[in-house]
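Undergrad: sequence first, then the predicted structure, then my questions.
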Number of protein chains: 2
Amino acid sequence: MVAAGQVSTGIYNEEGAVSSSFLAHVANAIAAGDTETLLRDVGHLHQSEIGDLIEALDPEQRRELVNLMGETFDFTALTEVDDSIRREIIEALPNAQIAKALQLLDSDDAVYILEDLAPEVQDEILALLPFTERVRLRRSLNYPEETAGRRMQTEFVAVPPFWTVGQTIDYMRESRDLPDSFSQIFVVDPTFRLVGAVDLDRILRTQRAVKIEEIMRESPHAIPATMDQEEAAQIFEQYDLLSAAVVDENHRLVGVLTIDDVVDVITQEAEEDLMRLGGVGDEELSDSVLATSRSRVPWLMINLVTAFFAASIISLFDDTIQAVVALAVLMPIVAGMGGNAGSQTMTVTVRALATGNLGLHNAARVIRREIGVGLLNGLIFATLIGTVAGLWFDSVTIGGIIASAMVVNMFTAALAGILIPMLLDRLGIDPAVASAVFLTTITDVVGFFAFLGLATWWYGLL
Amino acid sequence: MVAAGQVSTGIYNEEGAVSSSFLAHVANAIAAGDTETLLRDVGHLHQSEIGDLIEALDPEQRRELVNLMGETFDFTALTEVDDSIRREIIEALPNAQIAKALQLLDSDDAVYILEDLAPEVQDEILALLPFTERVRLRRSLNYPEETAGRRMQTEFVAVPPFWTVGQTIDYMRESRDLPDSFSQIFVVDPTFRLVGAVDLDRILRTQRAVKIEEIMRESPHAIPATMDQEEAAQIFEQYDLLSAAVVDENHRLVGVLTIDDVVDVITQEAEEDLMRLGGVGDEELSDSVLATSRSRVPWLMINLVTAFFAASIISLFDDTIQAVVALAVLMPIVAGMGGNAGSQTMTVTVRALATGNLGLHNAARVIRREIGVGLLNGLIFATLIGTVAGLWFDSVTIGGIIASAMVVNMFTAALAGILIPMLLDRLGIDPAVASAVFLTTITDVVGFFAFLGLATWWYGLL
């Protein structure tokens, strides 16, 4: 964030992390209970800057900071920190203070903070809120996690179609109850059914006498509240939306989804795919050794089972290995190269499935392509590896055997790399989570079996 | 996109791909040269829908469609298709037609189409444009690839600070030269230096008599034109921006960067990290077998070298393997588990580096954590694997040797998984591209060496 120098308030160092001098300054103020300094130097920061500051402090300092700043502490900052840190801070606060703070937030931020809490705590806090606030937040919380209804903001501007541009502008100038920021206004009928939307720039370029219904888009991209947030994000991406109406099953306007939340969804979903392919769950950098270890053990455990399975394939051929020890030296090459080639295909496939670029309509073509690539690269590397291995062990037989095994395993890897994720996707299982295990099992087993099996058969003939 | 049913015009099937009936309908119209049908049924589609349609057609049909639609074809659709398809269509068109079409586009879209072309072709097309257009596009093209200056749009609204809200609204109502859509206006001094920015909703809530300087944000998030697009995207993400001014080295306003382009950057950068970790380059689903094979060979080649290196470690111990064949059966388990544990650490590290969450300020803490996790998981899996292997081969010795080797390799894997990406990042090398090779080399070599070396030493003692 260095280059944003003219805006950021010098809290960051050149690396983009909170600077140690600012951190020390804040820590001193916290230790001294110096509320005045905190209000002056922290109070005016952007919510995301306060979030970064909180993450850089010790757990005790975090709670102390929130206490000292009292009602001036902007709870929006809590939507910018790791889940575990947010929970730790919230759990230390009295419910009355949380309830008071939530009333100052946009509803989407309030829901973001509430949804992590235990249902009883949620109920206690909600009970302390005014009726309309409570109903709004409850409605969002009633939608399933990761839906548009959960992520939406219930503050928006809606006007009837027969209003003029002038009336609409006058309304916005006088109303005290507008959202903090907005980029379009919605048009609704008397039963609050969505009939259109108008971007603000459209309103600003239009004469006052013109009616809203004349300039509204009649089929705005309305998002059903129950739609998965990832699907909603794809619509935002496809149609370059800044915001979109969220509607209930009767097409009544219940909220608005904004691009800043969608950007978070996009980043988060891309991150999830990457982490899952790497065999890591939802861990965060702030997690402890124990929590991290626990989250990584299941993946290693599954891999352990498949590793023993592959080992049992090798043990079928122990007589052959004892006779020709070169096989033990070379066998990891066959398995490993298959695994790498399969990973390439799998990565492309998982990504294409996640972005909706791969479906039944082009599956046949993509599968044909991967088989072609698998065969071609199989032949290239069979030749290479066969030659090197043959020269190394001064044996045409060894070279021929490893080359044949390579073609078989690279072809299998290509097939497995594309078919496994597609099959998992069809079965409703996230291909990013499970593909790699199946893939390496197959490339290991086929690699060892093809290589050692071929060798056993050939040396048996001699 | 199914759920957007009320907006999408029925061109998609349930899977979200272009429906075969619509595809057949368009293909027939193209074959019959039926321009009227195409204008009616394709002309009104959203640019991204036309993009999807183009990708679904055959190469010949694509060119024919663009020809038949003539000047009504919206070139913005070309920014929505794979690079190779865009080039194929553009190269088949006369320069005069391209120049004419580019004038109708926003400058960022025009630059997006131009930047792929050979410099001579760019010059030829630019020479056909009116002077001001040419200067604008040339300015963007002169900024390096993947900078804010390349991605910016040069159409924006800028007003002096002493104008009133009323004057500003009147100006926007009368001007014919406004951008297609915008969410904020900029405030500049007479030398076009940026002095502030105002969101449209702010203008709409303010009385006509108020001066712009009274409501503008004085330190908007200005992006230097030479800033890397990924860094600019991080600023958008941190401060929830919809658009931002792009300024030259003298802080003069030269363009505006908008969130829709930033969303593309975010998606693309996340995708790049994922693809690179999987050992795949910039390939696209529409690439041919040959192009795909070529892009994947380098990665496999590097892995081949490291695989032979690991094999040469095994060959150091061939006498021991011949004596105790169980070692050959078990050795892939040690190497493989180390590789998997290292990948977990590496994935987390690469992601944290890419998002700027890992730097010098927290490196020590994160490294300590990973070492802790490596030791803990090493002990857990050493115990497990040692027990199973000992029972399998009915030998306490084998169990003890593999358990010790596991602790060594899991610890090494954790260290390598975090230090390799951090080191590469310091050296200015993209850790997503190169980390995996170094990591598996280390976990293979250390795994084989620790296991077979320990065994050789132990059996040598007997």
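TA: Happy to help now that I have it.
Undergrad: kindly list the longest helix within chain A.
TA: helix A:360-392 (DSSP state H).
Undergrad: what residues does the stretch 101-250 of chain A put near chain B?
TA: Residues of the stretch 101-250 of chain A lying near chain B by Cβ under 8 Å from any Cβ of the partner chain: A:169, A:172-173, A:175, A:178, A:181-183, A:199-201, A:203-207, A:219-224, A:227, A:231, A:234-240, A:242. In this view, the C-beta of every residue, glycine as well, is placed from N, C-alpha and C.
Undergrad: and with 7 Å instead?
TA: For the stretch 101-250 of chain A, the residues in contact with chain B (Cβ under 7 Å from any Cβ of the partner chain) are A:169, A:172-173, A:178, A:181-183, A:199-201, A:203-207, A:219, A:221-222, A:224, A:227, A:231, A:234-235, A:237-240, A:242.
Undergrad: list the buried ones in the longest helix of chain A?
TA: By 16 or more other Cβ atoms under 10 Å in any protein chain shown, the buried positions in helix A:360-392 come out as A:361-362, A:366-367, A:369-382, A:384-386, A:388-390, A:392.
Undergrad: likewise stretch A:275-283?
TA: Quick answer for stretch A:275-283 (16+ other Cβ under 10 Å): A:275-280, A:283.
Undergrad: following element in sequence after the lowest-mean-pLDDT helix or strand in chain A, please.
TA: Here the helix or strand of chain A ranked lowest by mean pLDDT, DSSP states H and E is helix A:259-277, holding a mean of 86. Going down the chain from helix A:259-277, the next helix or strand is helix A:289-315, by DSSP states H and E.
Undergrad: the residues of the stretch 101-250 of chain A next to chain B in helices, which ones?
TA: Going by DSSP H, the helices hold A:169, A:172-173, A:200-201, A:203-204, A:231, A:234-235, A:237-239 from those.
Undergrad: for PyMOL, write the selection for the buried entries among those.
TA: To isolate the buried members of those in PyMOL, using 16+ other Cβ under 10 Å:
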select buried, chain A and resi 169+172+200+201+203+204+231+234+235+237+238+239
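Undergrad: sorry, back to before: list of residues touching the least confident helix or strand of chain A?
TA: Residues external to helix A:259-277 that are found in contact with it (Cβ atoms under 7 Å, 6 or more residues apart in numbering or on different chains): A:108, A:151, A:229-230, A:232-233, A:236, A:241-243, A:347, A:350, A:354, A:430, A:432-433, A:436, B:237, B:240, B:242, B:259, B:263, B:266-267, B:270, B:273-274, B:277-278, B:347, B:351.
Undergrad: circling back to that earlier point, the longest helix of chain A to helix B:289-315, inter-axis angle?
TA: 40 degrees (axes from the mean of the first three to the mean of the last three Cα atoms, to 10 degrees).
Undergrad: before we move on, what SS does residue A:195 have?
TA: The three-state label given to residue A:195 by DSSP: H, G, I helix; E, B strand; the rest coil is strand.
Undergrad: wait, what's in contact with it?
TA: Residue A:195 makes contact with A:161, A:187-189 under the criterion Cβ under 7 Å, 6+ apart.
Undergrad: dump the residues you listed into TSV; add secondary structure as well.
TA: What follows is the contacts of residue A:195, written out as TSV (three-state DSSP):
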residue	secondary structure
A:161	coil
A:187	strand
A:188	strand
A:189	coil
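Undergrad: from those, list just the buried residues.
TA: A:187-188.
Undergrad: export the contacts of residue A:195 to TSV and tack on pLDDT?
TA: Below are the contacts of residue A:195 laid out as TSV (pLDDT from 0 to 100):
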residue	pLDDT
A:161	96
A:187	96
A:188	96
A:189	95
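Undergrad: so which strand or helix has residue A:213?
TA: Residue A:213 belongs to helix A:212-215 when assigned by DSSP H and E.
Undergrad: could you pull out the buried residues of that helix?
TA: A:212-213, A:215.
Undergrad: likewise for stretch A:311-330?
TA: Those would be A:311, A:313-315, A:317, A:320-322, A:324-330, for stretch A:311-330 by 16+ other Cβ under 10 Å.
Undergrad: of the residues you listed, closest to residue A:40?
TA: Residue A:40 has its nearest neighbour among these in residue A:311, at 64.8 Å by Cβ to Cβ.
Undergrad: how about the closest one, what does it touch?
TA: Taking Cβ under 7 Å, 6+ apart as the test, what residue A:311 contacts is B:329-330, B:332-333.
Undergrad: so which of these reach chain A?
TA: Residues of these in contact with chain A (Cβ under 7 Å from any Cβ): B:329-330, B:332-333.
Undergrad: in TSV: those, plus pLDDT and secondary structure.
TA: Formatted as TSV, those follow (pLDDT from 0 to 100; DSSP: H, G, I helix; E, B strand; the rest coil):
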residue	pLDDT	secondary structure
B:329	94	helix
B:330	94	helix
B:332	93	helix
B:333	94	helix
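Undergrad: would it be right to say that residue A:357 lies in a strand?
TA: No. With three-state DSSP as the criterion, residue A:357 is assigned coil and is not in a strand.
Undergrad: returning to what we had before: what about the helix holding residue A:213, distance to the chain center?
TA: Computed by Cα atoms, centre = their mean, to the nearest Å, the chain-centroid distance of helix A:212-215 equals 38 Å.
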